[in-house]
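Trainee: Could you work out the structure for the sequence below:
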Amino acid sequence: MSNETSSPARRRDRGPELNGSQTGSTSGAGAPGGNKPELADNAVSKETRRRVIAASFIGNFVEWFDYAVYGYLAVTIATVFFPESDPQTGLLLTFALFAISFLVRPLGGFVWGHIGDKVGRRTALSLSILIMSGATFCIALIPGYDTIGIWAPLLLLMIRVVQGFSASGEYAGASAFLVEYAPANRRGLYAAVVPASTAAGLLLGSLIAGLLTTLLSTEAMHSWGWRLPFLLAAPMGLIGRYIRTKLEDTPVFRELAAEDQAAKAPVSSLFRNHWRQLLQAVGAVLLNAVGFYVILSYMPTYLSSELGLGETESFLATTIALVTYIGFIFLTGMLSDRYGRKKVLISASVAFIVLTVPAFALLGTGNFLVIVLVQILLGAMLTLNDGTLPSFLAEMFPTRVRYSGFAVSFNLSNALFGGTAPFMATLLIAATASDLAPAWYLVAAAVVSLIAVALSRETCKEPLRHE
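Mentor: Numbering: from 1, shown residues only. This is a model prediction of the structure:
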């Protein structure tokens, strides 16, 4: 056994509970990783619980609001920044910028994971939201190609790289923060706040993009209308940072820090001692990475550009699906607490393997009601994965490297397959002349995730590990 697993602090992983019973608590002698009994539920006030949830919600909300607006206004952005290209090439270039910004996310995962595991979760989250919201705000200030030429797309690329770097610590940090505050029997439900905030950000982005597209002329949208949503990031980011700076770090991290047991080199420890879990996590994230961006971000563009549905109808269909998606997220979080993370994640992969191609075929009917119902179905399938994945990944890694393990695996898979998903979907359609190409791409991702999850261990009934 390495000396990392031998310190006394590593046998005391459980901090104060937020709510509910102490189901899943075990004694130090018999618990995996040598954990002691969980502390009393009333050690954390209700006000603290509310602020923890709000702080975890808002940063992720701002991040995905930006990604939603960029995805939903991709056709307009392509015209503003690539006016000399034909529509499909301009769209490909716009999604290429979207994908390139993701390449920096693994680097961001290393940096934010190091800060989160060594200095503290709160510090990492407070810094990331400030950089992210500032970068999003700056997108609204970039002149178009007609004004500054090639510098317009170059500036857009640079700012999106900054966004990718800052956003790489957000999802992982918020998930770890919630899981480490949550009661043992409700970690899935608490962690579901993070993907719910993602869907809420997408929902607001969809609503605003749809409203602008409906109310403004094409000329107004190309001139200044597309900039308005990005301006909202600054005030939302400042509110989120204020809430986060008023919170204490998680009980388990404070305990490590008090005993000087926080990891000095968490990323090194991650690759040295937990590489198997890291590989499993990267594979498990694959379906989420591809599915999220194809179903929730790329879909309006797919419906309007590839299937010929009106932009307003595309936004409306996605908005309706997102409303139901948020409800499904919390349901799957609760299901994973009751039946286990693996069962729910495996169900998600099987559903995508069996139903994705028929669902995309139905989208091609052009019937608005059918399109809405199919999007709700695809969203429900994705929530089986999305609502379970945050608690699954957080429980997979021990406290000393939890932030790093989550951030590196999540961002590596998203960089390789998530950020490239809209680009790959558009490219595959162009290469195969088939509107079903994105569906087969999703099926392939589901197969890989199914294998990765099947090889992992169930953790939902166990205390959080420290070793």
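
Trainee: Give me the secondary structure label for the spatially most central residue of the chain.
Mentor: Centroid-nearest residue in the chain: residue 171, 5.2 Å away (criterion: CA atoms, centre = their mean). Counting by DSSP: H, G, I helix; E, B strand; the rest coil, the backbone at residue 171 sits in helix.

Trainee: Name the nearest residue to residue 295, sequence neighbours excluded.
Mentor: Of all residues not flanking residue 295 in the chain, residue 378 sits nearest, at 5.0 Å (CB to CB, 6 or more residues apart in numbering). From N, CA and C alone the C-beta is placed, and that goes for glycine too.

Trainee: related to what we said a few turns ago, which residues does the residue nearest to the centre of the chain contact?
Mentor: 60, 63, 194, 198, 390, 410 (CB atoms under 8 Å, 6 or more residues apart in numbering).

Trainee: tell me the contacts of the first one?
Mentor: The contact partners of residue 60, taken as CB under 8 Å, 6+ apart, are 170, 171, 174, 194, 197, 198, 201.

Trainee: Quick check: which element contains it?
Mentor: Assessed by DSSP states H and E, residue 60 sits inside helix 46-72.

Trainee: so how far is that helix off the chain centroid?
Mentor: Between the centre of helix 46-72 and the centre of its host chain there is 11 Å, according to CA atoms, centre = their mean, to the nearest Å.

Trainee: next structured bit after that helix?
Mentor: Helix 46-72 is succeeded, C-terminally, by helix 74-81 (DSSP H and E).

Trainee: Give me the mean pLDDT for that next one.
Mentor: Helix 74-81 carries an average pLDDT of 85.

Trainee: Next, the angle from the helix or strand following it to helix 46-72.
Mentor: Using DSSP H and E, the helix or strand that directly follows helix 74-81 along the chain is helix 87-100. In terms of direction (axes from the mean of the first three to the mean of the last three CA atoms, to 10 degrees), helix 87-100 departs from helix 46-72 by 150 degrees.

Trainee: then stretch 382-393 to PDB, C-alphas only?
Mentor: C-alpha atoms of stretch 382-393 as PDB (Å, rounded to 0.1, in the frame of the first residue of the first chain):
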ATOM      1  CA  LEU A 382     -29.900  11.500 -22.100                       C
ATOM      2  CA  THR A 383     -31.000  12.400 -18.600                       C
ATOM      3  CA  LEU A 384     -30.500   8.800 -17.600                       C
ATOM      4  CA  ASN A 385     -26.900   9.500 -18.300                       C
ATOM      5  CA  ASP A 386     -26.700  13.200 -17.500                       C
ATOM      6  CA  GLY A 387     -28.500  13.000 -14.200                       C
ATOM      7  CA  THR A 388     -26.400  10.200 -12.900                       C
ATOM      8  CA  LEU A 389     -22.900  11.000 -14.200                       C
ATOM      9  CA  PRO A 390     -21.900  13.700 -11.700                       C
ATOM     10  CA  SER A 391     -22.400  11.500  -8.700                       C
ATOM     11  CA  PHE A 392     -20.900   8.500 -10.500                       C
ATOM     12  CA  LEU A 393     -17.700  10.400 -11.300                       C
END
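
Trainee: quick one: buried residues of that stretch?
Mentor: 382, 383, 384, 385, 386, 387, 388, 389, 390, 391, 392, 393 (16 or more other CB atoms under 10 Å).

Trainee: Could you name the specific helix or strand carrying the third one?
Mentor: Right, the one you point to is residue 384. In the assignment (DSSP H and E), residue 384 maps to helix 368-386.

Trainee: who does that helix touch, helix- and strand-wise?
Mentor: Contacts defined by 3 or more CB pairs under 8 Å, 6 or more residues apart in numbering; DSSP states H and E place helix 368-386 against helix 193-215, helix 275-292, helix 311-339, helix 341-363.

Trainee: got TSV for the ones you listed, with mean pLDDT, mean neighbour count and distance to residue 132 too?
Mentor: Below are those laid out as TSV (pLDDT from 0 to 100; neighbours: other CB atoms under 10 Å; distance: least, CB to CB, whole Å):
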stretch	mean pLDDT	mean neighbour count	distance to residue 132
helix 193-215	86	23	12
helix 275-292	93	23	18
helix 311-339	87	21	21
helix 341-363	95	20	28
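
Trainee: so which of those helices comes closest to residue 72?
Mentor: Minimum separation from residue 72 across the helices and strands packed on helix 368-386 (CB to CB) falls at helix 193-215, 3.9 Å.

Trainee: after that closest one, next one along is what?
Mentor: Downstream of helix 193-215, the first helix or strand assigned by DSSP H and E is helix 218-223.

Trainee: quick one: contacts of the helix holding residue 384?
Mentor: Residues outside helix 368-386 that contact it (CB under 8 Å, 6+ apart): 195, 198, 287-288, 291-292, 295-296, 299, 303, 309, 313, 317-318, 320-322, 324-325, 328-329, 331-332, 344-345, 347-349, 351-352, 355-356, 359-360, 362-363, 365, 449.

Trainee: Just the closest of the contacts of residue 60 to residue 429, please.
Mentor: Closest approach between the contacts of residue 60 and residue 429, by CB to CB: residue 198, at 25.5 Å.

Trainee: Who are the contact partners of that closest one?
Mentor: 60, 61, 63, 64, 171, 292, 386 are the contacts of residue 198 under CB under 8 Å, 6+ apart.

Trainee: quick one: contacts for residue 452?
Mentor: 279, 280, 281, 282, 283, 284, 286.

Trainee: mind redoing it with 10 Å?
Mentor: By CB atoms under 10 Å, 6 or more residues apart in numbering, residue 452 lies in contact with 279, 280, 281, 282, 283, 284, 285, 286, 287, 345, 349, 413.

Trainee: Show me the shaky parts of this structure.
Mentor: Of all residues in the chain, those with pLDDT under 70 make up the ranges 1-44, 260-263, 465-467.

Trainee: what's the closest non-adjacent residue to residue 165?
Mentor: Spatial nearest neighbour of residue 165, chain neighbours left out: residue 108 (4.2 Å); criterion: CB to CB, 6+ apart.

Trainee: OK, contacts around the one you found?
Mentor: 102, 128, 131, 161-170, 172, 407-408, 411, 415.

Trainee: name the element it belongs to?
Mentor: Following DSSP H and E, one finds residue 108 within helix 105-118.

Trainee: What residues of that helix count as buried?
Mentor: Applying 16+ other CB under 10 Å to helix 105-118 flags 105-106, 108-118 as buried.
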